[in-house]
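>>> got a predicted structure plus its sequence, pasted below:
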Number of protein chains: 2
Amino acid sequence: MLTKSSTELVRQRNSVLVLSVLRRHGALAHTEISDFTRLSSATISAITTELEKAQIIEKSEQQPASGRGRPRVLLRQRRDCGYLIVVIISSDAVQYSLVDYAGKLIDRFSEERSHDPAGAARFVAAVRAGLSRILDRSKISQEKVLLISISSKGLVDSTEPVLVWSPIFGSDQIDFESALRPEWQAKVILDNETLLVAAALGAREEMVKGADFRSLAALSLGHSVGLGIVRRGNQAGQEISAPNFGHMLHMANGGLCRCGTRGCIEAYAGFYAILRSAFEVPLDTIPAKFVPVAELDKIAAKARQGHRVPAFAFRQAGLALGNGLSRMLSLTERMPIAITGPGTRYYDLLRQGIEEGLGQSHIVRMEGMPEIRVVADEQILVFEGHLNRALSVIDEDIVLSGVQGIQASATIQESG
Amino acid sequence: MLTKSSTELVRQRNSVLVLSVLRRHGALAHTEISDFTRLSSATISAITTELEKAQIIEKSEQQPASGRGRPRVLLRQRRDCGYLIVVIISSDAVQYSLVDYAGKLIDRFSEERSHDPAGAARFVAAVRAGLSRILDRSKISQEKVLLISISSKGLVDSTEPVLVWSPIFGSDQIDFESALRPEWQAKVILDNETLLVAAALGAREEMVKGADFRSLAALSLGHSVGLGIVRRGNQAGQEISAPNFGHMLHMANGGLCRCGTRGCIEAYAGFYAILRSAFEVPLDTIPAKFVPVAELDKIAAKARQGHRVPAFAFRQAGLALGNGLSRMLSLTERMPIAITGPGTRYYDLLRQGIEEGLGQSHIVRMEGMPEIRVVADEQILVFEGHLNRALSVIDEDIVLSGVQGIQASATIQESG
DNA sequence: CTAAATTTCTCGACTGTCGAGAAAAAAATC
DNA sequence: GATTTTTTTCTCGACAGTCGAGAAATTTAG
């Protein structure tokens, strides 16, 4: 359904555009903003003075004039305009980061996760404690926290910040919105971890290729298997999704998965699955909850020495991944695939299987093998994805709901 | 990448909005348009007088005034504003329809398809002849044809009107744009047939549910298997895709498919595959090019009588479909599935397999079985989808490129 | 024939963007 | 040191869009 357009909408959009350009390129002068946005100088003046009055951006102090002519006045986001808390939930710890509106990291710490299975309620309490702690340490008032951005492995609701299924809590749903609501007024968003990796890689790719960038998939290999897809929307921005790839059906009535279903991709390609297969344990054995990476390293070493059974385990994992990816490609357009996560260290062992699995489908035979690249530093990408997404959400919120409101409250503060 | 907004863009969008409302609800009065679009009466005046001057819409002749007060002046699209040719390519015929700008069918005929395999070049020539013929019969000048909307089964490029792969021509690509270009100036669009079915069903659903509508998949069963997905975009309009579902991998190293690959869904669920399986022909036999439906009806009759082998053939087909759908649902959100096409007459035999196949995946076990409905009249839906899509494309094109241009040429015509 | 009802049209106010040129401010030149 | 050049920022008037209010048009009810 189309909706009506109006002149105020135009201003809103262009304001968001200015903020996003500022975010992408750092502090910029009037003229540069005009170049990037293709808006006229007059419009930039109008928008920036408005944003400055609303205390969202500020003129940076004079830098030593580099050329001749009137020295440029750089504009940048005000750091103290608002803050963002990033919560990264991984299998053994939760990391809290406090970031200012300019994207600068202010404080960070990790807390170990209790591995007790009684956990969903207790876990929520731990997160609330962690959030309080990072706020206390920095002496920032709670109203200044505009957004809490959370990530986890598992399946996330597409509209609400609800963790629908996760490797740790299973089907014990966690609704972060209602869990934090009375205490925190900040908006809460929740994303799948691999989705953020894909978002970060997509943003990097768009920086390089510009309008040529079309789409990209990120495959994260580890204890579980995650997939994120970024696609360039037809209108504006990117469209991101994190399907339930790890638990897509690989083979009917196949090996038993941690989720209780048989034949999931993860039941062949997750770390525990490779271990199970390497030790020739029956495929319907309930899999280990947690597998030390050192254990897998040993198996990989044997496989590299030419032992048949461990090599076969990795090959089977590769096949499951390859078949799954080929199925994804049957449902989407052709796109490059970036492999991340701790499992990349075994890529040499997985590769042949992945390629063979991919090659078994019509689409790949027709369009050719997709480009596959291995990308390290998954943790950095997750955080980068958090920032990309969260800060642009903040920008939009500030402009949409905010400019007048904030302006008003600002003048009250000034008069007080 | 965001782009700048301007006041002219506002007018363009609102003009398109007015046209789309007119399209959805038929001839409307000033006030009604204002109600539907939420634009003010003054704006409606401005836009409609502009569109009227440009000869895109017209005031309809007075109808007997129904209430008291000043009688309403109904506005509607001018029929002669432009024309659309719809070309529906099916396995045994090509249907040509000429439609005016108001969506009214003017002329239609079908031509049998020559079944010779040497066909891509000859087929293109036949289409060109068909297009000329429908134009000649109606005495409409070629410039008045604004759009040629083509549909076929098979895989279609996402940006260009290129048929990448089809059950009939295989990988002999057909580029309709360049095939028609010197002769026809009209824009050419090409869509997968099942995509149009999905689009039509999505539009119907949106009529009923309004903003509650989220997404829907259409599964077409016949000689080949097609899938179309409609999703409500986050901003405006619907997002439609037609994945290569029929040739998604069902089972590695499985039955031989018409496409030459092993293990495609179609190699289990296409009509020829059911036949092959019912006659217990080895799965690596090169499948029949074309299967008379009567033949399949016989097998279905036997299955319904309780014969094991034919019943098993349908069950296997259902399993392949169910597994495939479950994989799709692992990659998208939960959505209802509408089954169309000639294969719906065997739904009673397929159903159990489909449901079992769906139930084998984690996502379905977690979210529950998706709603499945059987929808007849696939042909009507295809045409409806053509109209929906094509006419809104025309509306956009007219407004975007057109209003001033057409207005100018209109004044020239008037003065001449 | 007049009043009421209903729809359409018009006018002035407001908010946007844009181009051009004025103003500002530092480096280069005489 | 005064002037010119160069570069950036700011400002002003023109133009395009939407909106609300009220005027104009036109039919029915009484």
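Thanks, I have the structure now. Numbers count the residues shown, from 1 in each chain, chains lettered A, B, ... in the order given.
>>> got the residues of the stretch 51-200 of chain A near chain B?
Applying Cβ under 8 Å from any Cβ of the partner chain, one finds that the stretch 51-200 of chain A approaches chain B through A:155, A:158, A:164-165, A:171. Bear in mind the C-beta positions are built from the backbone N, C-alpha and C, glycine included.
>>> report the two of those separated the most.
Spatially, the most separated pair among these is A:S158 and A:S171, at 17.3 Å (Cβ to Cβ).
>>> domains in chain A, as residue ranges please.
Annotated domains of chain A cover A:7-78, A:81-195+A:380-415, A:207-376 [automatic domain parsing].
>>> looking at those domains, which is closest to B:V10?
domain A:7-78 (6.0 Å).
>>> about what we covered before: for ChimeraX, write the selection for the buried entries among the residues of the stretch 51-200 of chain A next to chain B.
Applying 16 or more other Cβ atoms under 10 Å in any protein chain shown to these, the buried members can be selected in ChimeraX as follows:
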select /A:155,164,165
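>>> between the residues of the stretch 51-200 of chain A next to chain B, which is closest to DNA strand D?
A:S158 (30.6 Å; Cβ to the nearest atom of the strand).
>>> mind listing what the closest one touches?
Counting by Cβ atoms under 8 Å, 6 or more residues apart in numbering or on different chains, A:S158 makes contact with B:E333.
>>> what ranges do the helices span in chain A?
A:7-25, A:30-37, A:41-53, A:120-138, A:176-180, A:193-209, A:266-269, A:271-278, A:293-305, A:308-331, A:347-359, A:362-367, A:378-397, A:403-415 (DSSP state H).
>>> list the buried ones in the longest one?
It refers to helix A:308-331. By 16+ other Cβ under 10 Å, the buried positions in helix A:308-331 come out as A:310-311, A:313-331.
>>> tilt between that helix and helix A:271-278?
Between helix A:308-331 and helix A:271-278, the angle comes out at 130 degrees (axes from the mean of the first three to the mean of the last three Cα atoms, to 10 degrees).
>>> so helix A:308-331, near chain B or not?
Yes. Against chain B, helix A:308-331 shows contacts by Cβ under 8 Å from any Cβ at A:319, A:323, A:326-328, A:330-331.
>>> any idea how far chain B is from A:A198?
Noted for A:A198: a distance of 14 Å to chain B, by Cβ to the nearest Cβ, to the nearest Å.
>>> next up, the contacts around that residue.
Residues in contact with A:A198, defined by Cβ under 8 Å, 6+ apart, are A:216-218, A:228-230, A:240, A:242, A:338, A:385.
>>> same check on A:E177?
Listed by Cβ under 8 Å, 6+ apart, the contact partners of A:E177 are A:160-162, A:188.
>>> keep only those of the residues you listed that are in strands.
When DSSP state E defines the strands, the subset of the contacts of A:E177 inside them is A:162, A:188.
>>> among the contacts of A:E177, which two are most distant?
Pairwise distances across the contacts of A:E177 peak at 10.2 Å for A:V162 and A:V188 (criterion: Cβ to Cβ).
>>> list the buried residues of stretch A:282-295.
Going by 16+ other Cβ under 10 Å, stretch A:282-295 has these buried residues: A:283, A:287-288, A:291, A:295.
>>> one more: stretch A:195-209?
For stretch A:195-209, burial by neighbour count (16+ other Cβ under 10 Å) applies to A:195-206.
>>> now, among those, which is nearest to A:R108?
Nearest to A:R108 out of those is A:L196 (Cβ to Cβ; 16.6 Å).
>>> I figured that closest one was touching A:H386, is that so?
Yes. A:L196 lies in contact with A:H386 (Cβ atoms under 8 Å); the separation is 5.9 Å.
>>> chain B: which of the buried residues of stretch A:195-209 is nearest?
Nearest to chain B out of these is A:E206 (Cβ to the nearest Cβ; 7.0 Å).
>>> what's the spacing between the closest one and A:R24?
Noted for A:E206: a distance of 10 Å to A:R24, by Cβ to Cβ, to the nearest Å.
>>> ditto for A:T285
Going from A:T285 to A:R24 by Cβ to Cβ gives 50 Å.
>>> same deal with A:G255?
Using Cβ to Cβ, A:G255 is found at 45 Å from A:R24.
>>> settle it for me: which of those two has more neighbours?
A:G255 (23 against 15; other Cβ atoms under 10 Å in any protein chain shown).
>>> backbone dihedrals for the more buried one, please?
phi -60, psi 150 (degrees, to the nearest 10).
>>> leaving out sequence neighbours, find the closest residue to it.
The shortest distance from A:G255 to any non-neighbouring residue, by Cβ to Cβ, 6 or more residues apart in numbering or on different chains, is to A:L283 (3.6 Å).
>>> who are the contact partners of that neighbour?
Contacts of A:L283 (Cβ under 8 Å, 6+ apart): A:254-256, A:267, A:276-277.
>>> residue in chain A nearest to DNA strand D?
Across chain A, the shortest distance to DNA strand D (Cβ to the nearest atom of the strand) belongs to A:G69, at 2.2 Å.
>>> correct me, but A:L28 touches A:F36?
Yes. When contacts are counted by Cβ under 8 Å, A:L28 is listed as touching A:F36 (7.3 Å).
>>> so for these two, which residues contact both of them?
Counting by Cβ under 8 Å, 6+ apart, the residues touching both A:L28 and A:F36 are A:V21.
>>> pick the most deeply packed of the domains of chain A.
Of all the domains of chain A, domain A:207-376 carries the top mean neighbour count, a mean of 20, counting by mean count of other Cβ atoms under 10 Å in any protein chain shown.
>>> that older thread, including pLDDT, could the residues of helix A:308-331 next to chain B go into a markdown table?
Listed next are the residues of helix A:308-331 next to chain B as a markdown table, based on pLDDT from 0 to 100:
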| residue | pLDDT |
| --- | --- |
| A:L319 | 97 |
| A:N323 | 98 |
| A:S326 | 97 |
| A:R327 | 97 |
| A:M328 | 97 |
| A:S330 | 95 |
| A:L331 | 94 |
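>>> now those residues in CSV, with distance to DNA strand C?
CSV is the format used below for these (distance: Cβ to the nearest atom of the strand, whole Å):
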residue, distance to DNA strand C
A:L319, 54
A:N323, 50
A:S326, 46
A:R327, 45
A:M328, 40
A:S330, 43
A:L331, 39
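>>> so where's chain A shaky on pLDDT?
Counting by pLDDT under 70, chain A has low-confidence residues at A:1-2, A:61-66, A:114-118, A:234-236, A:402-416.
>>> related to what we said a few turns ago, who touches both of A:V162 and A:V188?
The contact sets of A:V162 and A:V188 overlap at A:176-177 (Cβ under 8 Å, 6+ apart).
>>> ok, so of the residues of the stretch 51-200 of chain A next to chain B, who is nearest B:I134?
Taking Cβ to Cβ as the measure, B:I134 lies nearest A:S158 of these, at 44.2 Å.
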